[in-house]
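generate a structure from the sequence data that follows.
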Amino acid sequence: MEYWGQKDTTITFCEVPYKDSIYIAEYYNSISGLFYSFIGLYFLNTKLKNISYTLIILGLGTFALHATQRWYGQWLDELSMLLLSFQSIKHLRNINHKKTYNSIFLFMTILYGLWHTKTFIIMFISSQIYIFDLLRKVKPKKNFKLTSYVYRLFYKYIFIISIISWILDQYFCKYFKSVHLHAIWHIGTAIVAFLGFNNLLICK
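Numbering: from 1, shown residues only. As a prediction, the model looks like this:
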């Protein structure tokens, strides 16, 4: 019996539903998703406060998606991912026009609501490419060049490992059912967020 009702998300993950808990559909994917919230709490008292709030919401959204396998959990998870991307771009470009910012994100939300599967993938991948381009132009403060180099190095390789884990979980599930690769994606990208946003704090 499915505790939260019949699964109606448009995406499926490798973890066997309700195997480890009768109340949580994907136990390991759900628990690992909370790492985003923990990272968000870490940045709560920094100049990245808005980003930290979004990370906290993302962790809760990710938990909701995997715990319930319901559409509302997926919407909360994916909209939080788009908002986090948008907040990152806003910070990197030093955008202070709140009305413009809110209008653009509202437009993105409407697009997501109308055609959420296709538009989410396009908007998320596009925003990540743009963020990577913006990050190349960010320069560390004079006394933090080595620290910034280490952050970027670990950021890059952990992100690559995380992406490989996501791909293997999605397309080669039958070979990796017991490995919890999507949980590794959550933990890996949470570490990437920790490194990336820490790097922003030591940059000009």
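
CA only for contacts and neighbour counts going forward, please
Noted.

helices along the chain, start to end?
27-33, 35-42, 49-68, 71-92, 98-114, 116-136, 145-171, 181-201 (DSSP state H).

could those helices go into JSON lines alongside mean pLDDT, distance to T10 and mean neighbour count?
Below are the helices of the chain laid out as JSON lines (pLDDT from 0 to 100; distance: least, C-alpha to C-alpha, whole Å; neighbours: other C-alpha atoms under 10 Å):
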{"stretch": "helix 27-33", "mean pLDDT": "97", "distance to T10": "16", "mean neighbour count": "23"}
{"stretch": "helix 35-42", "mean pLDDT": "97", "distance to T10": "22", "mean neighbour count": "20"}
{"stretch": "helix 49-68", "mean pLDDT": "96", "distance to T10": "11", "mean neighbour count": "24"}
{"stretch": "helix 71-92", "mean pLDDT": "89", "distance to T10": "8", "mean neighbour count": "20"}
{"stretch": "helix 98-114", "mean pLDDT": "66", "distance to T10": "13", "mean neighbour count": "13"}
{"stretch": "helix 116-136", "mean pLDDT": "80", "distance to T10": "7", "mean neighbour count": "14"}
{"stretch": "helix 145-171", "mean pLDDT": "92", "distance to T10": "13", "mean neighbour count": "17"}
{"stretch": "helix 181-201", "mean pLDDT": "95", "distance to T10": "16", "mean neighbour count": "21"}
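
so what's the residue count around the nearest residue to C173 once chain neighbours are set aside?
Nearest residue to C173 in three dimensions, chain neighbours excluded: C14, at 5.5 Å (C-alpha to C-alpha, 6 or more residues apart in numbering). Residues near C14, counting by other C-alpha atoms under 10 Å, number 23.

how close does C14 get to R70?
Distance of C14 to R70, computed by C-alpha to C-alpha, to the nearest Å: 16 Å.

contacts only, for the closest residue to G73 other than its chain neighbours.
Using C-alpha to C-alpha, 6+ apart and skipping the chain neighbours, the partner closest in space to G73 is L65 (3.8 Å). Listed by C-alpha atoms under 8 Å, 6 or more residues apart in numbering, the contact set of L65 reads S30, W71, Y72, G73, Q74, L76, D77.

per-residue pLDDT of I95, please?
Note on I95: pLDDT of 55.

so S88 makes contact with F132?
No. If you go by C-alpha atoms under 8 Å, S88 and F132 don't touch, sitting 10.6 Å apart.

next, L34: phi, psi?
phi -70, psi -10 (degrees, to the nearest 10).

any chance of the helices of the chain in CSV with distance to K19 as columns?
Below are those laid out as CSV (distance: least, C-alpha to C-alpha, whole Å):
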stretch, distance to K19
helix 27-33, 8
helix 35-42, 22
helix 49-68, 12
helix 71-92, 19
helix 98-114, 32
helix 116-136, 27
helix 145-171, 17
helix 181-201, 15
